[in-house]
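K.L.:
sequence and predicted structure are below.
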Amino acid sequence: MDDFRSRVERERAYLLRYASLQLRDAQAAEDAVQDTLVAALAGEAGFGQRASLRTWLTGILKHKIIDAIRKMSREAPAAGEDEFDALFDQRGHWIEMPGAWSDPDASLGQARFFAALELCLSRLPAKTARTFMMREHMGLETDEICKELAITSTHCWVLLYRARMALRECLTKEWFGK
């Protein structure tokens, strides 16, 4: 029978992909995963198998990611939003509206779609992508996101809107257009 440490270590690659998507910084993702693995091994008795090991580890990792985001937002301001702003006019409307999707539900089940989504997320400005992932993937509420990123709720909603629209445009080109 596999020991707990081996089972935890087998989840490392998954956790690293998850953290990399959230943090967009290889070193910060590696640190978050390492902290997660250490915490999991130290807290083996708390596992209790009420959830799958991956689910339990992902829960720990989410907290480590939030800690990393707090640290990163204190250390350096986000950059790159000027490039993103070029997609919108002065009133915040699309300069060129993205095309309509044909059947996104059918595409969600395909692994290549997730690769295209990761690519599109990597093209977003860091703060925009982080806000989107915190809301849509981690399920945080707006007030939690605002507190973590030190932004107003209005700014949060603008970032979320722009993330969704940019992802739509990118996925139209990278996935649905192919």
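P.N.:
Right, received. Where do you want to start?
K.L.:
pull the CA atoms of stretch 163-178 into PDB?
P.N.:
Coordinates of each C-alpha in stretch 163-178 appear next as PDB, following Å, rounded to 0.1, in the frame of the first residue of the first chain:
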ATOM      1  CA  ALA A 163     -10.900  39.700 -18.400                       C
ATOM      2  CA  ARG A 164     -14.100  38.100 -19.700                       C
ATOM      3  CA  MET A 165     -14.100  40.100 -22.900                       C
ATOM      4  CA  ALA A 166     -10.400  39.600 -23.600                       C
ATOM      5  CA  LEU A 167     -10.700  35.900 -22.900                       C
ATOM      6  CA  ARG A 168     -13.700  35.800 -25.300                       C
ATOM      7  CA  GLU A 169     -11.700  37.500 -28.000                       C
ATOM      8  CA  CYS A 170      -8.600  35.400 -27.500                       C
ATOM      9  CA  LEU A 171     -10.600  32.100 -27.400                       C
ATOM     10  CA  THR A 172     -12.400  33.200 -30.500                       C
ATOM     11  CA  LYS A 173      -9.000  33.400 -32.300                       C
ATOM     12  CA  GLU A 174      -7.200  30.600 -30.500                       C
ATOM     13  CA  TRP A 175      -9.900  28.000 -30.200                       C
ATOM     14  CA  PHE A 176     -13.200  28.600 -31.900                       C
ATOM     15  CA  GLY A 177     -11.600  30.200 -35.000                       C
ATOM     16  CA  LYS A 178      -9.400  27.100 -35.700                       C
END
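K.L.:
for that stretch, which positions count as buried?
P.N.:
The neighbour-count check on stretch 163-178 (16 or more other C-beta atoms under 10 Å) flags 163, 165, 166, 167, 168, 169, 170, 171, 174, 175, 176 as buried. Where you see a C-beta, it was placed from the backbone N, CA and C, and this is true even at glycine.
K.L.:
surely the fourth one meets residue 123?
P.N.:
No. With contact defined as C-beta atoms under 8 Å, residue 167 does not reach residue 123; the gap is 9.1 Å.
K.L.:
average pLDDT for stretch 130-142, rounded please.
P.N.:
Stretch 130-142 comes out with an average pLDDT of 87.
K.L.:
show me what the host helix or strand of residue 73 is packed against.
P.N.:
Residue 73 is located in helix 53-75, with elements delineated by DSSP states H and E. Applying 3 or more C-beta pairs under 8 Å, 6 or more residues apart in numbering; DSSP states H and E, one finds that helix 53-75 makes contact with helix 4-10, helix 12-23, helix 26-42, helix 142-149.
K.L.:
alright, I will stop here.
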